[in-house]
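Undergrad: got a predicted structure here, sequence first:
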Amino acid sequence: MDVCVSAEDSAMLDAYDHLLQDNQEIAVGRLTVQVLCTPGHTPGSLCFAPAGAPVLFSGDTLFPGGPGNTKLPGGDFQAIITSIRERIFDRFSDEVTVLPGHGAATTVGAERPHLDEWIERGW
């Protein structure tokens with residue numbers, strides 16, 4: 001299996017096979033998946049949106065109840081909020097299922113109303 005990473009996160013790995021770019025479309029089996037750069041958890045965080053499916057693989061960008069961790073080196077709370085607002089909430093409908101990198105699933109509609117709360121609490 002190939003290892004893919006964004007250029008911004010590539011220095012975190014000893015080796016990788018491919019660099020991914022924002023809005024790039026990649027083939028995963030019979031699926032076409034769009035790459036979405038969503039900096040914040042790391043400078044090169046990525047989400048993946050399969051074409052024609054109401055699903056978003058959000059990695060560590062968005063979870064039920066808020067954004068991913070931004071307290072580790074390279075994390076940026078303001079960047080992750082911007083990513084969630086502009087790259088997810090402004091783009092996807094409420095019905096889209098969000099599958100984080102770990103933990104429970106949620107929907108865009110369940111999370112969208114809470115953005116201001118997350119900003120206020122700072123995580």
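TA: Cool, got the structure.

Undergrad: in its sheet, what does the longest strand along the chain sit against?
TA: In terms of residue count, the longest strand belonging to the chain (DSSP state E) is strand 31-37. Here strand 31-37 is paired, per DSSP bridges, with strand 25-28 (antiparallel), strand 46-50 (antiparallel).

Undergrad: with just CA atoms, put the shortest one into CSV.
TA: This points to strand 25-28. Output of strand 25-28 as CSV, limited to C-alpha atoms (Å, rounded to 0.1, in the frame of the first residue of the first chain):
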residue,chain,number,x,y,z
GLU,A,25,-8.8,13.7,-7.3
ILE,A,26,-7.4,10.3,-6.5
ALA,A,27,-8.6,6.8,-7.4
VAL,A,28,-9.2,4.5,-4.4
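
Undergrad: which residues does that strand contact?
TA: 4, 20, 32-35, 50-51 (Cβ atoms under 8 Å, 6 or more residues apart in numbering). (C-beta placed from N, C-alpha, C; glycine too.)

Undergrad: tabulate these (TSV), appending pLDDT.
TA: Formatted as TSV, those follow (pLDDT from 0 to 100):
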residue	pLDDT
4	97
20	98
32	98
33	98
34	98
35	98
50	98
51	97
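
Undergrad: list just the nearest of those residues to residue 81.
TA: Nearest to residue 81, judged by Cβ to Cβ, of those is residue 35 at 20.3 Å.

Undergrad: the closest one against residue 20, yeah?
TA: Yes - assessed by Cβ atoms under 8 Å, residue 35 is found in contact with residue 20 at 4.8 Å.

Undergrad: list residues touching both of the two?
TA: Applying Cβ under 8 Å, 6+ apart, one finds that residue 35 and residue 20 are jointly contacted by 26, 46.

Undergrad: rewinding a little: now the contacts of strand 25-28 as a markdown table including neighbour count and distance to residue 71?
TA: Output for the contacts of strand 25-28, formatted as a markdown table (neighbours: other Cβ atoms under 10 Å; distance: Cβ to Cβ, whole Å):
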| residue | neighbour count | distance to residue 71 |
| --- | --- | --- |
| 4 | 15 | 25 |
| 20 | 19 | 25 |
| 32 | 14 | 35 |
| 33 | 18 | 29 |
| 34 | 15 | 29 |
| 35 | 18 | 25 |
| 50 | 14 | 30 |
| 51 | 9 | 34 |
